[in-house]
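# Okay, here's the prediction I keep looking at, along with the sequence it came from:
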Amino acid sequence: MKIGYARVSTVDQDPELQITALRDARCERIFTEHASGVSHKRPELDRLFDILRAGDTFVVWRFDRLGRSVSHLVQIVEKLRSMKVELFSLTEGIDTNTPIGEAVFTIIAAFSQMERQLLSERTRAGVAAHRKNSNRWGAPSKFHNPENVELARSLLREGTLSKVKIARRIGVSTVTLYRWFPGGEADNFQPTSTYLRRQKQRAQQ
């Protein structure tokens, strides 16, 4: 059985062009989705997969109507293969049941794998660069600002405010306050390597 799938990004868009093409391709059932290309929620696609059986042909007007990305499209094709269902794109004229169609998807899968590897490498490089320039993840500590260090030191020496109120005044947690000032003592300031590096850079400017 041929089963068609049409998708438009919004409810205002007309899927009739796709539906007509799928009917002309003799699809016995057609599922129409209204969802953006990046949406993870596709209830009509889920319903379509529920009725697919081995030997069926899954027909789309164009591949970008199906996958959110190349890698997602490859995942769908692999899932269809495991179900022994063929995929046919009317616009690209690619049929996974033919040697040429199979070869095209092998190439697509190879590029998808390369894309994932490059993304992984970029992510690792970004993490390494971040760790080199900062002592921790997230936004810089309030105590990377020397003015806040001096304010905290002054308030701790005065002793008129509790540690909780001092931390709140600076805009940090009490745990962070004690990390930078062990024991909550004004003279026990423990600067991080990032703080020292920034102070050195300021002095050189």
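The structure has been received and is ready for your questions. As the structure is a computational prediction, the values presented were derived from the model and not from experiment.

# Count the residues that sit near residue 153.
17 (other CB atoms under 10 Å). Placement of C-beta: from N, CA and C, glycine included.

# Export only the CA atoms of the one helix or strand it maps to, formatted as CSV.
Per DSSP states H and E: residue 153 is located in helix 146-158. Taking Å, rounded to 0.1, in the frame of the first residue of the first chain, the C-alpha atoms of helix 146-158 are listed here in CSV:
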residue,chain,number,x,y,z
PRO,A,146,37.2,44.0,42.7
GLU,A,147,34.6,46.5,43.9
ASN,A,148,32.4,43.7,45.1
VAL,A,149,35.3,42.0,46.8
GLU,A,150,36.1,45.2,48.7
LEU,A,151,32.5,45.8,49.6
ALA,A,152,32.2,42.2,51.0
ARG,A,153,35.5,42.6,52.9
SER,A,154,34.3,45.9,54.4
LEU,A,155,30.9,44.5,55.5
LEU,A,156,32.5,41.4,57.0
ARG,A,157,34.9,43.6,59.0
GLU,A,158,32.1,45.8,60.3
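
# ok, residue 178 touching residue 184?
Yes: shown here, residue 178 and residue 184 form a contact pair, counting by CB atoms under 8 Å, at 6.0 Å.

# And the contacts of stretch 53-69?
Contact with stretch 53-69 is made by 1-7, 17-18, 21-22, 25, 27, 37-40, 45, 48, 52, 73-76, 80, 83-92, 94, 97, as judged by CB atoms under 8 Å, 6 or more residues apart in numbering.

# and stretch 56-76, how far apart are its ends?
Taking CA to CA, to the nearest Å, stretch 56-76 runs 15 Å from one end to the other.
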